[in-house]
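1. what would the 3D arrangement of this be:
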Amino acid sequence: MMKRMLVAVVVLTVSAGAAQAQTVKKAPIKPTAASDAGKMFDTYCAVCHGKDGKGAGPAAKALAKAPADLTKLTARNGGTFPDVHVRRYIEGLDEVAAHGSRDMPMWGDLFRSLNRDTAQIRVAALAEYLKSMQQ
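-> Predicted coordinates:
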């Protein structure tokens with residue numbers, strides 16, 4: 001009887017550890033060219049916002065709140081593209097409450113991990129790409 005309880009405790013402990021390890025595992029960052037804003041958008045943003053930026057990416061249904069329609073940023077800002085806000089958000093300097101913490105797959109940490117010049121090239125390219133998507 002004691003041997004069975006010991007085995008059960010060991011199995012539960014190992015299972016709990018394995019389950020915890022799976023919940024904190026993050027997907028690796030896919031490399032993209034800093035000059036290819038379309039590829040960066042597809043890699044970093046489209047999974048939630050969709051390739052067209054309208055908020056219907058493959059992961060959108062799994063989120064507590066629907067992703068924003070990124071084609072309407074100018075319309076929601078009185079006809080002016082909110083360039084500074086968009087750049088600050090991409091860099092991870094500003095947060096959107098609907099997205100939760102930066103622990104989810106937001107890319108500010110990626111851009112902050114690069115040298116400043118490379119990060120700024122990427123951020124500027126993504127902001128311009130978003131600006132080109134406006135309706």
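2. next up, the contacts around Ala66.
-> Applying C-beta atoms under 8 Å, 6 or more residues apart in numbering, we find Ala66 in contact with 55, 60. (Glycine included, C-beta is placed from N, CA and C.)
3. ok, it to Gly55 distance?
-> Distance of Ala66 to Gly55, computed by C-beta to C-beta, to the nearest Å: 6 Å.
4. and Asp42, by the same measure?
-> According to C-beta to C-beta, Asp42 and Gly55 sit 15 Å apart.
5. do Gln120 as well
-> Gln120 is 27 Å from Gly55, by C-beta to C-beta.
6. what's the answer for Thr71, then?
-> Distance from Thr71 to Gly55, by C-beta to C-beta: 9 Å.
7. okay, buried residues for stretch 60-70 please.
-> 60, 67-70 (16 or more other C-beta atoms under 10 Å).
8. before we move on, what about stretch 121-135?
-> By neighbour count on 16+ other C-beta under 10 Å, the buried set for stretch 121-135 is 121-123, 125-127, 129-130, 133.
9. all set, thanks.
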